[in-house]
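Asker: need a structure here:
(one chain, ligands or ions: 1)
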Amino acid sequence: MLKRICLSLFSFYHFLMICPAQQKTIDQKVDSVMQLMTLEEKIGQMNQYNGDWDATGPITKDGEKQNQIKKGYVGAMLNVSGAGHTRALQEIAMQSRMKIPLLFGQDVIHGYRTIFPIPLAEAASWDMEAIQKSARIGALEAAAAGIHWTFAPMVDIARDPRWGRVMEGAGEDPFLGSLIAAARVKGFQGKGLGNTDAVMACAKHFAGYGAAVGGRDYNSVDMSLWQLHEIYLPPFKAAAAAGAATFMNAFNDLNGIPAAGNKYLQTDILKGRWDFKGFIVSDWGGVGEMINHGYAKNSEEAARLAVNAGCDMDMESRSYINHLANLVKAGKVGMQVIDESVSRILRKKFEMGLFDDPFRFSDTNREKEQWDNQANLVAAKEMAKKSIVLLKNDHLPGQSTPVLPIDRSVKKIALIGPLVKAKSENLGFWSFDWPDDENRIVSLWEGVQKKLGKGATMLYAQGCDITDTSRLGFAAAVATAMLADIVIVSVGERRDMTGEAKSRSDLHLPGVQEKLIQALQATGKPLVVMISAGRPLIFNWTAEHVPAILYTWWLGTKAGDAMADVLFGDYNPSGKLPMSFPLAEGQLPVYYNHFNTGRQAKDDNDRMYRSAYTDLSIYPAFPFGFGLSYTHFSYSDIQLSRSSIRPVDSLRASVTVTNNGKFDGKETVQLYIHDLFASVVRPVKELKGFKQVALKAGEKIRVEFMITAADLRFYNDQLQYIYEPGAFEVFIGTNSRDVLKTAFQLVE
Ligand code: BGC
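Answerer: Numbering: from 1, shown residues only. I've put the predicted structure just below:
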């Protein structure tokens, strides 16, 4: 009663002031607001529009957006950023009857102003602190530009590099993927929603999107529930547990039901079993696309199916804004369903402090400070160095040291290839191009130039372009190489060759780039190949013949500085592959945590009536977890503290790691487990732990892991998460292939 009197006398904001924030819980405040809202205003909160300057799907332009905002028919915008722009739109929202602030969302995937390595590259660092910091900085910069909400992290497990979106995730492993999901959520959300430098995270794409048949983006996904729960859902669960404010559903149909209309995923698992309190947004137009899937007859039915399945906000398909009111009036969607979604959305707006001050993120001073934040650039360089993976580093015949690192006293160095002087390519997909990028982004050429100063002669030839079929530039490239003491070849993909809608069936180095490498290798000069790409590529000739290979992915604004540090040994590479690299597309999907099958091949000579190819190895070119260092780590003396444990016990697994090379270095020690016999078959290896250790040259340490029954759990055929007594193998090593092995028993 008191409330009603308050509200009839004062505006809504006066009401909030009279009934101060501290005295009411957020749920009570949400209820107070909702009591005043019309059905149409409620549905407006569930509607998200694009700002129309950047689109990742079909655009529905009707020029009416501002009017709709004024009426309170829009809850969130995407692709509107900048303190000025966001303020201007928020001012329009403040003219609406209820004055409910808009949310501004944006794909801040690996940085905003300062671009960090693509997420797959960051995953190669296996460094949770650095990954969290990268997300933190992205949030800091984005929040200062008026952004409340990032559509990240993408936590889709990806086993098939044909799928262009592998660049956006953490690779193939659910354990590593879960840790990274949590680190990114924590990074984006910082000290918690309500701080003006915290943006809401959005775990996407729920769920299964990474398992698109044939690696073709947007394609169907058909998988057992076992696989869904065991492999694809854990990173989502970790993101929810880390407090992700929002989730985005996916474009794919999962076992016949489009994700946007999938009740099992959204209501039963996420909001039910995992008790997720945030809201779910659809992917771009995903609600309406259920018509194309053949699941909804029209957009009205699509709205009904999606909202009843638990999708709270419709991104750009307009199915909700056009049909939900009628559906409610016709009794096809319950009012409580709408109320539930709206309260989830409003709760986040309250938590973000937007009801207190709708403009708190649109602060031009803060925006200016973050625009030129030098500390962010330093962090981007650190992250970039950690993301580089050394794939090969051999000695040349007659030489006592491997090709890398390059001696800084080198006199003549040739940099050859289409990416040597590349600038914006280094940003990779899902990044922002700023007008002053030319000055900020460091190319490989510039990085090396800074490193060597005037002491060395740097030579350059392009050789070919990325997708060229012509070899006309080869002669000049070879002639340039002939003049040099060492040749660095920079090849790869274009940045827009991976990413959304960038599935490819041919994963070889594009164009004639590998032919260029062959021509340069024939000069007999020491060659270092640097591969920049958003996904695992195939480069078998290079892997076999060229002595040194660095996989640099897309490293962001400070790419060239990071590459130069690694080339000249100022940073000893420590990255480890978060995805298996295939030998051929015909192997795909190829991943380390596969089952044994009834006819496993012992090796590639064992093919007859085996689970093998008659014409191709079963092994990847480079396994999951692989990555070399300029030094050499050897593993010895794997031990378990006991040979059997009960479910209440724990077990210590340990190994000696020795740096017996000439450089100080960092190693990621990996622990895998294999459940030998179980009521459902188990993967040959599963990552269950890793530790990063820094060892001086000559130093050795004992690295320990604790194993408990919790590490032995899996989903049985009833989808119960259990462990079963029996024998387990334990592997510890430098990657998923090169390991030491021991075993123990779990007893009742
Ligand atoms: C992508 C999402 C993205 C959205 C908004 C879609 O096409 O699949 O990941 O967040 O566009 O840009």
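Asker: how is this structure carved up into domains?
Answerer: Domain assignment for the chain by automatic domain parsing gives 1-105+334-359, 401-587, 633-746.
Asker: what's the spacing between the first one and its chain's center?
Answerer: What that stands for is domain 1-105+334-359. 30 Å (Cα atoms, centre = their mean, to the nearest Å).
Asker: Centroid-nearest residue for the protein?
Answerer: In the chain, the residue lying closest to the centroid (Cα atoms, centre = their mean) is Gly169, at 2.5 Å.
Asker: Just say helix, strand or coil for the residue of the stretch 601-748 of the chain found nearest the ligand.
Answerer: Relative to the ligand, the nearest point of the stretch 601-748 of the chain is Phe624 (24.7 Å; Cβ to the nearest ligand atom). Where you see a C-beta, it was placed from the backbone N, CA and C, and this is true even at glycine. In three-state terms, and counting by DSSP: H, G, I helix; E, B strand; the rest coil, Phe624 is coil.
Asker: how far away is it from Val680?
Answerer: Phe624 is 22 Å from Val680, where distance means Cβ to Cβ, to the nearest Å.
Asker: okay, these two: which has more neighbours?
Answerer: Between Phe624 and Val680, counted using other Cβ atoms under 10 Å, the more crowded position is Phe624 (27 against 15).
Asker: Low-confidence stretches in this protein?
Answerer: In the prediction, the chain carries residues with pLDDT under 70 at positions 1-23, 52-63.
Asker: Please enumerate the strands of the stretch 1-150 of the chain.
Answerer: Here the stretch 1-150 of the chain has its strands, by DSSP state E, counting those that start in this stretch, at 47-50, 76-78, 103-106, 149-150.
Asker: what's the answer for the stretch 601-748 of the chain, then?
Answerer: 633-640, 644-645, 650-659, 665-675, 686-695, 700-708, 714-715, 721-722, 726-733, 739-746.
Asker: between the last one and strand 650-659, how big is the angle?
Answerer: Computed with axes from the mean of the first three to the mean of the last three Cα atoms, to 10 degrees, the direction of strand 739-746 lies at 170 degrees from that of strand 650-659.
Asker: What is strand 739-746 packed up against?
Answerer: Where contact means 3 or more Cβ pairs under 8 Å, 6 or more residues apart in numbering; DSSP states H and E, strand 739-746 is packed against strand 633-640, strand 644-645, strand 650-659, strand 726-733.
Asker: The longest one pairs with which strands?
Answerer: Strand pairing for strand 650-659, determined by DSSP bridges: strand 633-640 (antiparallel), strand 700-708 (antiparallel).
Asker: what comes into contact with it?
Answerer: 631-642, 645, 665, 667, 669, 671, 693, 695-708, 730, 732, 740, 742, 744 (Cβ atoms under 8 Å, 6 or more residues apart in numbering).
Asker: which parts of the stretch 251-400 of the chain sit against the ligand?
Answerer: Residues of the stretch 251-400 of the chain lying close to the ligand by Cβ under 6 Å from any ligand atom are 283-284.
Asker: What's opposite whichever residue of the stretch 301-450 of the chain sits closest to the ligand in the beta bridge?
Answerer: The stretch 301-450 of the chain approaches the ligand most closely through Met315 (6.7 Å), counting by Cβ to the nearest ligand atom. Beta-bridge partners recorded for Met315 (DSSP bridges): Gln48.
Asker: What's the local residue count around it?
Answerer: With other Cβ under 10 Å as criterion, Met315 counts 26.
Asker: residues in contact with it?
Answerer: Going by Cβ under 8 Å, 6+ apart, Met315 touches 48, 78, 248, 281-287.
Asker: For those residues, work out which two are farthest apart.
Answerer: Largest separation among the contacts of Met315 by Cβ to Cβ: Leu78 and Val287, giving 14.7 Å.
Asker: So for those two, which sits in the more crowded spot?
Answerer: Higher neighbour count among Leu78 and Val287: Val287, with 30 against 25, using other Cβ under 10 Å.
Asker: in the stretch 251-400 of the chain, which spans are strands?
Answerer: Remark: strands assigned in the stretch 251-400 of the chain by DSSP E, counting those that start in this stretch are 253-254, 257-258, 279-281, 314-315, 389-393.
Asker: which one of the strands of the stretch 1-150 of the chain lies closest to the ligand?
Answerer: The ligand lies closest, by Cβ to the nearest ligand atom, to one member of these: strand 76-78, at 5.7 Å.
Asker: Pairing partners for the closest one, with directions?
Answerer: Its sheet considered, strand 76-78 pairs with strand 47-50 (parallel), strand 103-106 (parallel) by DSSP bridges.
Asker: For these, give me JSON lines that also has distance to the ligand and mean neighbour count.
Answerer: Shown next, in JSON lines, are those (distance: least, Cβ to the nearest ligand atom, whole Å; neighbours: other Cβ atoms under 10 Å):
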{"stretch": "strand 47-50", "distance to the ligand": "8", "mean neighbour count": "24"}
{"stretch": "strand 103-106", "distance to the ligand": "8", "mean neighbour count": "27"}
